[in-house]
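S.K.: have a look at this prediction, sequence included:
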Amino acid sequence: MKRKEIEERSLLIALTGSHAYGTNVPDSDQDYRGVFVANREYYLGCKNIEQKDSWDLNNPEEITGKFSFLDHNPDFCLYELKKLFYLIEKNNPNLVELFWFDREYYLHLTPLGEKLISHREKFLSSRLKYSAAGYAESQIKRMERHRRWLLNPPQKRPTPQDFGFNRSDYLPLTKSQVNSFIEFLYVLVRDCIEYLEPVEKFRELILGDIDYKAILKNYPMTDEIYGKVQKITNASDEFMHHLHMTRMYQSAIQDWENYQQWLKKRNPDRAALEAKCGYDAKHGSHCLRLLRMAKEAVSEGVLKPHRHKVGDANYLLAVRQGEVSYEELMGEADKLFQEVKGVKSVLSERVERNFLNDLCMEIVAEMGF
């Protein structure tokens, strides 16, 4: 779909991010998110479109459009309605908040966009505390990784020899070999729980809600987990050691490459602030905001994006500007993680899928092709 048609079929577009939270600083980017409905060929044909987050600047028709604030803007994302509902069902915190902003932040709002907003309470579920905590945890991991690079920067690119691969006949496993083993492990775990009725919810969690294979591929295993993996797969001690060393080498290579990209792409002002306070202040502020919003939403049934109205915008700004120590920030984050984990929910366990399905059909029918 071209820009003109996407804009014409947009239901709402909002200014989001720090500006909508009331935590923006002078150099904050302007982030936009919105919703559009795909046309006939995408709903009735074989084409697929989930979102639009850039225009084709080689096409004169897409350089400028109906909404000038999106011109040449790298910080926008318009979600197709079906993709939106998929993310709402999972209670993606960046999407459910889209319907809770003050009216002044909606730069484009149609009657069908109003209809979406009118159902915003039904878009919330208890899953929000897990999804928000997951996003907050990712912010913490980025902070910790950047802090490690600041305090103890890598000195050289890792080599296979650093991990004991000293012979021509003893090399690291290839990425394909590692992935094949993880696929084998995943199938074994899946088959173990596929037909266990007493743990239906656990089965749904592992096989549906959690990208278990991605976790196995991207996260390091502890010694305890390696032992359990060996027991499940009946692998030899030699292979498990080979796998362990390979994954450590691959992780070190990835860390080195990420470090190089970080050095290359760092915003100079943000880098200066990070060097001054010892952590990525933007990630720290996002982490605390996510956890506080999730706690409020789950316990009260209301999402509160604008933090000045809540009363903690100044504190979040202090974090954003590096005025809060790393130790205080991490202590506050740990406290909030525990509070979110233990909060009593007033929300339903899940967003009703049939409701989303009916609402999707209703809006598409009203939008027309």
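M.R.: Noted; the coordinates are in hand.

S.K.: isn't there a helix covering residue 15?
M.R.: No. Counting by DSSP: H, G, I helix; E, B strand; the rest coil, one finds residue 15 to be strand, located in no helix.

S.K.: gap between it and residue 286?
M.R.: According to C-beta to C-beta, to the nearest Å, residue 15 and residue 286 sit 17 Å apart. Placement of C-beta: from N, CA and C, glycine included.

S.K.: how about residue 311?
M.R.: Where residue 286 is concerned, residue 311 sits at a distance of 18 Å (C-beta to C-beta).

S.K.: one more: residue 162?
M.R.: Taken as C-beta to C-beta, the span from residue 162 to residue 286 is 34 Å.

S.K.: give me the more crowded residue out of the two.
M.R.: Set residue 162 next to residue 286 and count neighbours by other C-beta atoms under 10 Å: residue 286 wins out with 24 against 13.

S.K.: span of stretch 299-315 from start to end?
M.R.: From its first residue to its last, stretch 299-315 covers 22 Å (C-alpha to C-alpha, to the nearest Å).

S.K.: which positions within that stretch qualify as buried?
M.R.: Residues 299, 303-305, 307, 310, 312-313, 315 are the ones in stretch 299-315 that count as buried (16 or more other C-beta atoms under 10 Å).

S.K.: nearest to residue 237 among these?
M.R.: residue 299 (49.4 Å; C-beta to C-beta).

S.K.: can you tell me the helix or strand for the closest one?
M.R.: If you go by DSSP states H and E, residue 299 is part of helix 281-300.

S.K.: now do that helix, average pLDDT.
M.R.: Throughout helix 281-300, pLDDT has a mean value of 96.

S.K.: and the next element down the chain from it?
M.R.: Next element after helix 281-300 (DSSP H and E): helix 307-310.

S.K.: packing partners for that next one?
M.R.: helix 281-300 (3 or more C-beta pairs under 8 Å, 6 or more residues apart in numbering; DSSP states H and E).

S.K.: flag every buried residue along the helix it packs on.
M.R.: Those would be 281-295, 297-299, for helix 281-300 by 16+ other C-beta under 10 Å.

S.K.: ok, stretch 344-364 next?
M.R.: Within stretch 344-364, judged by 16+ other C-beta under 10 Å, the buried ones are 345, 347, 351, 356, 359-360, 363-364.

S.K.: how about residues contacting it?
M.R.: Outside stretch 344-364, the residues within contact range by C-beta atoms under 8 Å, 6 or more residues apart in numbering are 11, 37, 43, 81-82, 85, 88-89, 91, 112, 115-116, 119, 122-129, 297-301.

S.K.: try stretch 226-243
M.R.: Residues contacting stretch 226-243 (C-beta under 8 Å, 6+ apart): 173, 178, 181, 184-185, 188-189, 221, 244.

S.K.: tabulate those (CSV), appending neighbour count, distance to residue 105 and pLDDT.
M.R.: Output for these, formatted as CSV (neighbours: other C-beta atoms under 10 Å; distance: C-beta to C-beta, whole Å; pLDDT from 0 to 100):
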residue, neighbour count, distance to residue 105, pLDDT
173, 18, 50, 93
178, 17, 45, 88
181, 18, 48, 87
184, 12, 49, 85
185, 17, 46, 82
188, 13, 49, 79
189, 16, 44, 71
221, 15, 44, 72
244, 16, 49, 89
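
S.K.: among those residues, which two are most distant?
M.R.: 173 and 189 (20.4 Å).

S.K.: re earlier: and the helix holding residue 299, how far from the chain's centre?
M.R.: 14 Å (C-alpha atoms, centre = their mean, to the nearest Å).

S.K.: remind me what it packs against, helices and strands.
M.R.: helix 93-96, helix 128-151, helix 268-277, helix 307-310, helix 313-320, helix 326-342.

S.K.: let me know the angle separating it from helix 128-151.
M.R.: With axes from the mean of the first three to the mean of the last three C-alpha atoms, to 10 degrees applied, the angle from helix 281-300 to helix 128-151 works out at 160 degrees.

S.K.: name the residue closest to the centre of this structure, please.
M.R.: Centroid-nearest residue in the chain: residue 135, 5.5 Å away (criterion: C-alpha atoms, centre = their mean).

S.K.: quick check: closest non-adjacent residue to that residue.
M.R.: residue 290 (5.4 Å; C-beta to C-beta, 6 or more residues apart in numbering).

S.K.: kindly report the same for residue 252.
M.R.: Closest to residue 252 by C-beta to C-beta, 6+ apart is residue 158, at 4.0 Å.

S.K.: so what's that neighbour scoring on pLDDT?
M.R.: At residue 158, pLDDT is 96.

S.K.: quick check: it touching residue 248?
M.R.: No. At 9.1 Å, residue 158 and residue 248 do not qualify as touching, with contact defined as C-beta atoms under 8 Å.

S.K.: what's the weakest-modelled helix or strand in the protein?
M.R.: Sorted by mean pLDDT, DSSP states H and E, the helices and strands of the chain end with helix 200-204, the least confident at a mean of 54.

S.K.: ok, the nearest residue to residue 89 once chain neighbours are set aside to residue 91 distance?
M.R.: Leaving aside its chain neighbours, residue 89 sits nearest to residue 351 (5.1 Å; criterion: C-beta to C-beta, 6+ apart). Distance from residue 351 to residue 91, counting by C-beta to C-beta: 7 Å.

S.K.: again, but for residue 244
M.R.: For residue 244, the distance to residue 91 - C-beta to C-beta - is 36 Å.
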